[in-house]
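A.B. asks: Give me a 3D structure for the following:
(one chain, ligands or ions: 2)
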Amino acid sequence: MVPKIAMIGGGSWATAIVKMLSDNLSEKEIYWWMRNAEAIEHIKKFKHNPHYISSVELKLAGENISSDINCIIKAAEYIILNVPAAFLKSSLEGISPDDLKGKKIISAIKGIVPEDNLIVGEFLHEKYAIPYDDILVVSGPCHAEEVALEKLSYLTIACTDVEKAGVFASFLNTRYIKTNVSDDIFGTEYAAVLKNIYAVASGICHGIGYGDNFQAVLISNAIREIKRFVDAVHPINRDIKESAYLGDLLVTAYSQFSRNRTFGNMVGKGYTVKSAQLEMNMIAEGYYAAKCMHIKNEIFEVNMPICTAVYNVLYNNRSPHIEMKMLAEKLN
Ligand SMILES: NC(=O)C1=CN([C@@H]2O[C@H](COP(=O)(O)OP(=O)(O)OC[C@H]3O[C@@H](n4cnc5c(N)ncnc54)[C@H](OP(=O)(O)O)[C@@H]3O)[C@@H](O)[C@H]2O)C=CC1
Ligand SMILES: O=C(CO)COP(=O)(O)O
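C.D. replies: Numbers count the residues shown, from 1 in each chain. Ligands and ions are numbered 1, 2, ... in the order given. Down below sits the predicted model:
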């Protein structure tokens with residue numbers, strides 16, 4: 001049977017994954033939900049997303065794109081969730097656990113659902129009763145903009161049932177996309193959420209004027225924070241140097257394409273948080289994650305000075321200069 005795959009979300013990463021799925025040579029039917037009806041009409045007519053990575057040619061059938069989420073979810077057995085985490089709940093309004101029953105749910109989101117303070121896998125399990133074996137996570141160091149340019153990139157697909165991860169990975173492989181599989185869904189998700197906060201920190205420091213030497217120390221400390229946290233939350237044997245953990249941190253903290261770094265850079269340069277957000281037409285998950293992880297860490301009490309510094313700048317109105325100067329004293 002030809003697999004039926006639905007994309008939920010219409011931003012840059014959703015557009016990049018739709019491109020991968022269409023360029024992948026295995027036979028499949030692709031469905032696509034996005035909230036913006038005007039964008040849908042544009043894609044049907046011109047085969048390009050008008051707002052995100054618009055150079056990408058989109059090859060799927062026009063009748064398979066809709067703003068009716070119920071009908072798109074009903075049509076497919078693989079559902080890829082890819083709206084920013086802060087909008088996941090509102091996007092899924094009207095979708096019941098029964099509507100998702102028996103389907104494989106793939107999170108390509110690197111964020112935490114704010115009201116519930118849950119990573120997406122936990123959210124799906126707790127609120128929609130999806131068994132962990134049917135929840136997959138797509139992660140790894142990969143920016144949508146480089147997918148658009150067909151630059152060689154690697155993704156990690158995580159699922160407690162690694163065979164399912166392998167099947168889904170086979171839908172994504174192309175000349176320019178290579179895939180790994182992993183059984184560490186919790187570590188993969190938490191690392192992806194955290195690296196966005198460190199990319200914000202990296203941007204703030206760059207905006208203030210710290211150089212590459214300091215940046216390297218910041219990121220060396222950041223990977224140790226990630227390790228401490230994921231080992232506390234889900235202690236299994238994992239190599240934090242794998243690309244889904246360290247690689248994703250590096251690309252987000254250093255790349256010109258990173259939304260989180262760009263947002264942090266503006267804050268470091270003196271923009272208010274609100275004006276930095278308004279300036280970008282894209283979403284920096286690290287903004288929401290900084291608060292959620294701060295609350296979560298009240299339970300785990302892991303030593304996370306970089307996360308605390310970012311939280312203080314974004315939510316406690318603390319001066320980026322003073323906060324980063326104080327942070328610098330704690331790094332080594
Ligand atoms: N971009 C990338 O390279 C990568 C992104 N990711 C992850 O993918 C997820 C999606 O991010 P990304 O594709 O970058 O998003 P973008 O920043 O490119 O696009 C923003 C998306 O959010 C939607 N949106 C904005 N405001 C609202 C709202 N109030 N309610 C509902 N939807 C809203 C937009 O819809 P509309 O256009 O209708 O306003 C649009 O689809 C994130 O978790 C991100 O971390 C993961 C890997 C790589
Ligand atoms: O996760 C990403 C790259 O792997 C995207 O990060 P940004 O949201 O900061 O662009």
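A.B. asks: Enumerate the residues of the chain near ligand 1.
C.D. replies: Residues of the chain lying close to ligand 1 by Cβ under 6 Å from any ligand atom are 9-14, 35-36, 51-52, 82-85, 87, 90-91, 108-111, 142-144, 259, 282-283, 285. C-betas here are computed from N, CA, C, even on glycine.
A.B. asks: Cross-check those residues against ligand 2 and keep the overlap.
C.D. replies: 110, 142-143, 259, 285.
A.B. asks: which residue is nearest the middle of this structure?
C.D. replies: residue 110 (2.3 Å; Cα atoms, centre = their mean).
A.B. asks: Identify the residue nearest it in space, chain neighbours excluded?
C.D. replies: residue 192 (4.0 Å; Cβ to Cβ, 6 or more residues apart in numbering).
A.B. asks: Return the distance of the helix or strand containing that neighbour from the chain's centre.
C.D. replies: Taking DSSP states H and E as the criterion, residue 192 maps to helix 185-208. Relative to its parent chain, helix 185-208 has a centroid offset of 11 Å by Cα atoms, centre = their mean, to the nearest Å.
A.B. asks: hang on, the earlier thing: which of the residues of the chain next to ligand 1 fall in helices?
C.D. replies: 12-14, 90-91, 144, 259, 285 (DSSP state H).
A.B. asks: May I have the distance across stretch 299-309, first residue to last?
C.D. replies: Stretch 299-309 has its terminal residues 18 Å apart, counting by Cα to Cα, to the nearest Å.
A.B. asks: Next, the buried residues of it.
C.D. replies: Buried residues in stretch 299-309, counted by 16 or more other Cβ atoms under 10 Å: 302, 304, 306-309.
A.B. asks: Using TSV, lay out those residues together with pLDDT and secondary structure.
C.D. replies: Below are these laid out as TSV (pLDDT from 0 to 100; DSSP: H, G, I helix; E, B strand; the rest coil):
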residue	pLDDT	secondary structure
302	98	coil
304	98	coil
306	98	helix
307	98	helix
308	98	helix
309	98	helix
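A.B. asks: For the residues you listed, work out which two are farthest apart.
C.D. replies: 302 and 309 (14.6 Å; Cβ to Cβ).
A.B. asks: Output stretch 162-182 as CSV, restricted to C-alpha atoms.
C.D. replies: Below are the C-alpha coordinates for stretch 162-182, written out as CSV (Å, rounded to 0.1, in the frame of the first residue of the first chain):
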residue,chain,number,x,y,z
VAL,A,162,13.6,1.8,15.9
GLU,A,163,12.1,-0.2,13.1
LYS,A,164,9.4,2.4,12.7
ALA,A,165,12.0,5.1,12.8
GLY,A,166,13.8,3.3,9.9
VAL,A,167,10.7,3.1,7.8
PHE,A,168,10.0,6.8,8.2
ALA,A,169,13.6,7.6,7.6
SER,A,170,13.3,5.8,4.2
PHE,A,171,10.7,8.4,3.1
LEU,A,172,13.2,11.3,3.7
ASN,A,173,16.4,10.0,2.2
THR,A,174,17.5,11.9,-0.9
ARG,A,175,20.7,12.9,-2.7
TYR,A,176,21.1,15.7,-0.2
ILE,A,177,19.5,14.1,3.0
LYS,A,178,21.0,11.3,5.0
THR,A,179,19.3,9.8,8.0
ASN,A,180,20.2,8.0,11.2
VAL,A,181,17.9,6.3,13.6
SER,A,182,17.8,6.4,17.4
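A.B. asks: close to ligand 2, is it?
C.D. replies: No - if you take Cβ under 6 Å from any ligand atom as the test, stretch 162-182 misses ligand 2, and the best it gets is 12.9 Å.
A.B. asks: Right, I'll call it a day here.
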